[in-house]
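Asks: only geometry, no sequence info:
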């Protein structure tokens, strides 16, 4: 989960990240683990990186966690968020990556969180990403792929 946007300054990105951490803790989830997200936009030749967070469900059930994660991906999605600007959906995250428990298929899915009309996937819809892999993880990403970097180790879902 990330609040970074390419059109924001470093100071704005830091403020948005701090606010996201508070929202995660305010949702009753354990403190997030900071990682680095990497992705390749369609039409670009380099991987983009952003500050991202790994959030676990703690003692929350999987259905409730899925709903909370979807709301956290929206700029003003939780009820305790007050004084939200009218165009807040412009800051929505397109999706969050939900990793399933071992033994379930698929291993990870993208869950759509954005209320924007051009978002992919659409709000509440999900599509399979695949199994977590460290094999070939240091190769450049293909367009539309994402990865999580923890320390010096890159994890991809293929």
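Replies: Arrived safely. On a predicted model such as this, the values are computed, not experimentally measured, just so you know.

Asks: For this protein, which segments count as helices?
Replies: Here the chain has its helices, by DSSP state H, at 10-26, 62-72.

Asks: Now the longest one: buried residues?
Replies: So that's helix 10-26. Within helix 10-26, the residues that count as buried by 16 or more other Cβ atoms under 10 Å are 13, 16, 17, 20, 21, 23, 24. Yep, even glycine has a C-beta here, placed from its N, CA and C like the rest.

Asks: can I get those residues in a markdown table with pLDDT?
Replies: Shown next, in a markdown table, are the buried residues of helix 10-26 (pLDDT from 0 to 100):
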| residue | pLDDT |
| --- | --- |
| 13 | 85 |
| 16 | 83 |
| 17 | 85 |
| 20 | 83 |
| 21 | 87 |
| 23 | 83 |
| 24 | 85 |
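
Asks: Looking at those residues, which is nearest residue 121?
Replies: Residue 121 has its nearest neighbour among the buried residues of helix 10-26 in residue 20, at 20.5 Å by Cβ to Cβ.

Asks: Give me the nearest residue to the closest one, chain neighbours excluded.
Replies: Spatial nearest neighbour of residue 20, chain neighbours left out: residue 3 (4.4 Å); criterion: Cβ to Cβ, 6 or more residues apart in numbering.

Asks: hang on, the earlier thing: do you know which of the helices of the chain lies nearest residue 116?
Replies: Closest to residue 116 of these is helix 62-72 (Cβ to Cβ; 14.2 Å).

Asks: Tell me which other helices or strands that closest one touches.
Replies: If you count contacts as 3 or more Cβ pairs under 8 Å, 6 or more residues apart in numbering; DSSP states H and E, helix 62-72 packs onto helix 10-26, strand 95-99, strand 108-112.

Asks: chain center to the last one: distance?
Replies: Centroid separation for strand 108-112 versus its chain: 9 Å, with Cα atoms, centre = their mean, to the nearest Å.

Asks: how big is the angle separating it from helix 62-72?
Replies: Per axes from the mean of the first three to the mean of the last three Cα atoms, to 10 degrees, the angle that strand 108-112 makes with helix 62-72 is 50 degrees.
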